[in-house]
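# sequence-free structure coming up:
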């Protein structure tokens with residue numbers, strides 16, 4: 001299994017396996033580049049990292065996948081209600 005390091009966030013220690021990327025691409029019916037971007041965007045969102053400007057304005061499949069992972073919305077019908085502490 002070959003590991004895929006994504007430029008720009010390699011220093012953070014994030015790494016996804018090629019198998020994980022291929023499985024995601026197959027599951028979502030998208031390209032491998034889109035899946036790589038999705039995983040990178042998800043990692044940035046979960047770790048509170050600001051996305052690079054290049055992926056915010058890019059139009060290639062990687063950038064589209066990144067934005068899909070970073071700006072992920074809950075599925076339709078899911079309502080989140082903030083809890084207030086008294």
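Now that the structure is in, tell me what you want to look at. Only a predicted model underlies this, so the values are computations on that prediction, with no experimental measurement involved.

# mind listing what residue 39 touches?
Neighbouring residues of residue 39 by CB atoms under 8 Å, 6 or more residues apart in numbering: 6, 16, 20-21, 24, 65, 69. (Glycine included, C-beta is placed from N, CA and C.)

# next one: residue 42
69-70, 72.

# and residue 60, by the same measure?
Residue 60 touches residue 33, counting by CB under 8 Å, 6+ apart.

# sec struct for residue 20, please.
With DSSP: H, G, I helix; E, B strand; the rest coil as the basis, residue 20 sits in helix.

# residues near it, how many?
Other residues within reach of residue 20, judged by other CB atoms under 10 Å, total 16.

# quick one: which of the contacts of residue 42 sit in strands?
Nothing among the contacts of residue 42 maps onto strands, per DSSP state E.

# residue 24: which element?
In this assignment (DSSP states H and E), residue 24 forms part of helix 18-28.

# tell me the helices and strands packed up against that helix.
Judged by 3 or more CB pairs under 8 Å, 6 or more residues apart in numbering; DSSP states H and E, the packing partners of helix 18-28 are strand 3-4, helix 32-46.

# contact partners for the closest residue to residue 50 other than its chain neighbours?
Closest residue to residue 50 apart from its sequence neighbours, by CB to CB, 6 or more residues apart in numbering: residue 44 at 7.5 Å. By CB under 8 Å, 6+ apart, the contact set of residue 44 is 9, 50-51, 66, 69-70.
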